[in-house]
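*Asks:* output the structure for:
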Amino acid sequence: MNPLEFGIFVQGYVPKFRSEVDPQAEHHALMEETEYVIQADRSGFKYAWFSEHHFLEEYSHLSANDVYIGYLTHATERIHLGSGIFNPLPQVNHPVKVAEKVAMLDHLSDGRFEFGTGRGAGSHEILGFLPGVTDMNATKEIWEETVGEFPKMWLNEEYPGFQGKHWSLPPRKVFPKPYGKSHPAMWYAAGSPPSYAMAARKGLGVLGFSVQKVSDMEWVLEKYKTAVRDAEPIGDFVNDNVMVTTTAIVAETRKEAIRVAASSNLNYLQSLVFRYHDTFPRPEYIPQWPELLPTYTEELIEMLLDEELMICGDPDDALKQCRRWESAGADQLSFGLPVGVPFEDTMRTIKLVGEHVIPKIDTDPAHRTTRFRRAA
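*Replies:* Below is the predicted model of the structure:
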């Protein structure tokens, strides 16, 4: 079994309860999240992921993640910086511009960029760019038509051109080419069993933002790891990788961590997820926005821990909880930060995980994706 790798995920979360008391909340949120990434780099995390969302008030104000990542290539040294996601639908970002940005970030980071793609976060976002679309599944066809063209733009001296249903381009030389050998690892943000299998067949790693708890790994791995054995990669190599996300709050004592979790309005972010991600199946207990989930009490936090729905406690608790993800077969565990937790408490989580958890689990100095790329 490969060692579990660790990452963080940021998205420019600017909840109303923050902006109501701070006129500069948006600026402070974006700047604080750069500090989380810089600290994660120092603390031994291997990956940082950055959303691309549009029009999603409160939930995610990180729309220009290429600019954000460009800054962080210079502010970090070892951590890999990934698009979680770049949206390659031509109505949102022209595919050639996406290919150029990926290669440029590969240069600026000295080969530390990870290329994740996806199709957007629901009808409110997607219909802003595709106003005539009524079926959200239509974006799958557009994405499928596009994603396989990126390696051709990077690896061929001259891209032979493309004439598709949704976009076209005559033969052109696309610059810059990626830095060094091959190209950045390619990922797909998957949310359903068929999506995991499809990504595997294409040789793409999976950004498993929809995986909620350890028991979910069973079906995820069954669909992905079975299909990836017969992958016909669209790129230069198979990125056999499943990343999953979870909430993490770690303090010196379990009592303090649970206190922080219960006072951080975790219910608000979860309610926002289902406000915008209307393509996700809605569990019966999730109310329609603007009604919110009940406030998370300390007793509810304990129940969430029993259900293995978050990482929370002292460093020993966190180590045991992360080992559960490792034993379940996850390749990478990425902590969604922030979730309404104060800046100092979030920084404490990163530092404690870096000091007490990562060295005992991830003993491989090389990144898994770097090994795949070197072997291409």
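*Asks:* so Leu169 makes contact with Gly161?
*Replies:* Yes: counting by Cβ atoms under 8 Å, Leu169 does reach Gly161; the two are 5.7 Å apart. Backbone N, C-alpha and C define where each C-beta goes, glycine included.
*Asks:* more neighbours, these two?
*Replies:* Under the criterion of other Cβ atoms under 10 Å, the comparison of Leu169 against Gly161 puts Leu169 first, with 18 against 12.
*Asks:* quick check: that one vs Lys152, distance?
*Replies:* When distance is defined by Cβ to Cβ, to the nearest Å, Leu169 is 11 Å away from Lys152.
*Asks:* quick one: contacts for Val339?
*Replies:* Contacts were defined as Cβ atoms under 8 Å, 6 or more residues apart in numbering; by that measure Val339 touches Tyr13, Thr247, Ser264, Leu266, Leu269.
*Asks:* how about the most centrally placed residue in the chain, nearest residue that isn't a chain neighbour?
*Replies:* In the chain, the centroid-proximal residue (Cα atoms, centre = their mean) is Gly84; its distance is 4.0 Å. Spatially, and ignoring its direct neighbours in sequence, Gly84 is nearest to Trp49 (3.4 Å; Cβ to Cβ, 6 or more residues apart in numbering).
*Asks:* what's next to whatever helix or strand the one you found lives in, contact-wise?
*Replies:* Counting by DSSP states H and E, the element that carries Trp49 is strand 47-50. For strand 47-50, the surrounding residues in contact (Cβ under 8 Å, 6+ apart) are 5-11, 37, 40-41, 62, 65, 68-69, 72, 76, 79-84, 114, 116, 207, 243, 332, 334, 367.
*Asks:* would you map the strands across this structure?
*Replies:* 5-10, 47-50, 80-83, 113-117, 162-163, 168-169, 186-189, 205-208, 242-246, 248-250, 311-313, 332-336 (DSSP state E).
*Asks:* with respect to burial, which of the ones you listed scores highest?
*Replies:* Mean neighbour count, computed with mean count of other Cβ atoms under 10 Å, is highest for strand 205-208 among the strands of the chain, reaching a mean of 30.
*Asks:* so what's the nearest residue to Tyr36 once chain neighbours are set aside up against?
*Replies:* Sequence neighbours aside, Leu337 is the residue nearest to Tyr36 in space, at 5.3 Å (criterion: Cβ to Cβ, 6+ apart). Going by Cβ under 8 Å, 6+ apart, Leu337 touches Ile8, Phe9, Val10, Glu33, Tyr36, Ala248, Thr346, Thr349, Ile350.
*Asks:* for those, which one is nearest Leu221?
*Replies:* Leu221 has its nearest neighbour among the contacts of Leu337 in Phe9, at 20.3 Å by Cβ to Cβ.
*Asks:* show me the contacts for that closest one.
*Replies:* Ala48, Trp49, Phe50, Ser51, Gly84, Thr245, Ser334, Phe335, Gly336, Leu337.
*Asks:* ok, what's across the strand from the nearest residue to it once chain neighbours are set aside?
*Replies:* Leaving out its chain neighbours, the residue that sits closest to Phe9 by Cβ to Cβ, 6+ apart is Trp49, at 4.4 Å. Here Trp49 sits in beta bridges with Phe9, Gly82, going by DSSP bridges.
*Asks:* can we start the residue count at 299 from this point?
*Replies:* Sounds good: first residue 299 from here, last item Trp347.
*Asks:* from Pro492, how far off is Val509?
*Replies:* From Val509 to Pro492 the distance is 15 Å (Cβ to Cβ).
*Asks:* go through stretch 559-570 and flag the buried ones.
*Replies:* Using 16 or more other Cβ atoms under 10 Å as the test for burial, stretch 559-570 gives Ala559, Ala560, Ser562, Asn563, Leu564, Asn565, Tyr566, Leu567, Gln568, Ser569, Leu570.
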